[in-house]
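[1] A predicted structure for the sequence below; I have some questions about it.
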Amino acid sequence: MSASPDHTPGALVVDPSRPITPAEQPARLAALEAAVRARSDLVPELGIVLGSGLGGLADELDEAVAIGFGELPGWPAATAPGHAGRLLLGRLAGRPVVMLQGRFHLYEGNDPGLVVQPILLCRRLGASAVILTNAAGGLAPAFGPGTLMLITDHINLSGRNPLIGHNADGIGPRFPDMTDAWSPRLREQLRAAAAAEGVSLAEGVYVALSGPNYETPAEVRMLAALGGHAVGMSTALECIAARWAGLEVGGVSLVTNAGAGYSGEPLPHEEVLAAGAEAGPRLARVIRRFVADYDPPAG
Ligand code: HPA
């Protein structure tokens with residue numbers, strides 16, 4: 001990084017809570033793009049976000065260039081346990097992809113505009129679709145630990161939205177449509193990939209809360225009654241920004257635990273990570289097969 005003309009101590013410290021309006025994104029994305037392009041000229045077809053415990057897929061990238069989040073302008077190093085916090089460009093099953101090994105969460109104090117910047121950067125680098133993965137709690141009694149759930153839709157109960165503020169018309173419209181936010185085309189391709197790998201895939205609606213606490217049993221009952229099948233602390237804002245920017249979106253939740261209240265036991269974060277470690281390789285196989293057989297949008 002070049003020396004700052006501002007010699008105030010801490011002048012280069014990133015404040016991840018500083019509000020970022022949509023209108024500010026183009027300039028920030030230009031700086032991010034330049035920083036990435038100084039390291040790699042690979043143009044990705046797909047972006048893939050690896051959630052808690054799923055980071056292992058990054059090891060399967062060929063010819064990978066890895067950039068720590070903290071090395072990119074305006075990005076803090078990721079702090080959530082189980083998240084490495086790297087952007088990688090490389091080939092998976094022969095296809096050029098950009099992978100986010102980790103993400104920015106609201107519960108870390110990150111502004112929604114920062115939470116979605118990795119997604120907007122995927123678009124800027126050339127991707128036309130993103131696959132979002134996460135760890136989640138099961139809201140249906142049938143969705144126990146280890147269940148993989150194809151995301152068919154989401155409910156954003158995080159209380160935040162990355163598109164509030166002056167719009168950047170060059171990226172997307174003021175009022176983006178969310179019908180089929182979770183692409184039926186990509187859903188079909190993910191189903192086919194799971195079938196080809198002999199991996200069973202449940203389907204359902206992902207509910208996003210801000211976290212960081214896990215839900216109360218009453219909240220779990222409420223979210224299930226509202227039509228949710230899995231609950232987590234990420235992904236919905238990323239989908240909103242992706243649709244705004246014209247990206248196709250697909251995704252899978254890895255259910256690491258039954259929602260609070262089902263088991264009668266407390267939910268330690270270590271248990272969530274352990275279930276991710278067990279089921280993560282299964283999800284990795286589905287994603288790898290999806291990428292290998294990926295059918296890009298027409299035109
Ligand atoms: N709730 C919210 N987020 C989660 C959970 C949960 O039970 N498990 C993993 N991420």
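    Structure received. Numbers count the residues shown, from 1 in each chain.
[2] and the stretch 101-250 of the chain, which residues reach the ligand?
    Selection of the stretch 101-250 of the chain residues close to the ligand by Cβ under 6 Å from any ligand atom yields 135-137, 214-215, 231-233. (Glycine included, C-beta is placed from N, CA and C.)
[3] so which of those wins on neighbours?
    Taking other Cβ atoms under 10 Å as the neighbour criterion, residue 136 ranks highest of those with 32 neighbours.
[4] so what sits opposite that one in the bridge?
    Listed beta-bridge partners, residue 136: residue 255 (assigned using DSSP bridges).
[5] got a list of what it touches?
    Listed by Cβ atoms under 8 Å, 6 or more residues apart in numbering, the contact set of residue 136 reads 149, 206, 230-232, 253-256.
[6] now the residues you listed as a markdown table including pLDDT and distance to residue 199?
    Supplementary listing: those in a markdown table, determined by pLDDT from 0 to 100; distance: Cβ to Cβ, whole Å:
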| residue | pLDDT | distance to residue 199 |
| --- | --- | --- |
| 149 | 98 | 12 |
| 206 | 98 | 19 |
| 230 | 98 | 17 |
| 231 | 98 | 22 |
| 232 | 98 | 20 |
| 253 | 97 | 14 |
| 254 | 96 | 12 |
| 255 | 95 | 14 |
| 256 | 91 | 16 |
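[7] coming back round to it: pick out the most distant pair among the residues of the stretch 101-250 of the chain next to the ligand.
    When those are compared pair by pair using Cβ to Cβ, the two farthest from each other are 135 and 215, 13.9 Å apart.
[8] now for those two: what residues contact both?
    Residues touching both residue 135 and residue 215 (Cβ under 8 Å, 6+ apart): there are none.
[9] from residue 185, how far out is whatever residue of the stretch 151-299 of the chain ends up closest to the ligand?
    Scanning the stretch 151-299 of the chain for proximity to the ligand using Cβ to the nearest ligand atom identifies residue 232 as nearest, at 4.2 Å. The gap separating residue 232 from residue 185 is 24 Å, by Cβ to Cβ, to the nearest Å.
[10] give me the nearest residue to the closest residue to the ligand within the stretch 101-250 of the chain, chain neighbours excluded.
    With Cβ to the nearest ligand atom as the measure, the residue in the stretch 101-250 of the chain that lies nearest the ligand is residue 137; the distance is 2.1 Å. Once flanking residues are discounted, residue 137 sits nearest to residue 259: 4.4 Å by Cβ to Cβ, 6 or more residues apart in numbering.
[11] and that neighbour, how far from residue 291?
    Using Cβ to Cβ, we find residue 259 at a distance of 31 Å from residue 291.
[12] what's the answer for residue 143, then?
    For residue 143 relative to residue 291 (Cβ to Cβ), the value is 25 Å.
[13] how about residue 234?
    Remark: distance between residue 234 and residue 291 (Cβ to Cβ) = 21 Å.
[14] do the lengthiest helix in the chain and the ligand meet?
    Secondary structure of the chain per DSSP state H: the longest helix is helix 269-292. Yes. Using Cβ under 6 Å from any ligand atom, helix 269-292 reaches the ligand at residue 272.
[15] how far off centre is that helix?
    14 Å (Cα atoms, centre = their mean, to the nearest Å).
[16] cool, stretch 46-64 as well?
    Distance of stretch 46-64 from its chain centroid, counting by Cα atoms, centre = their mean, is 12 Å.
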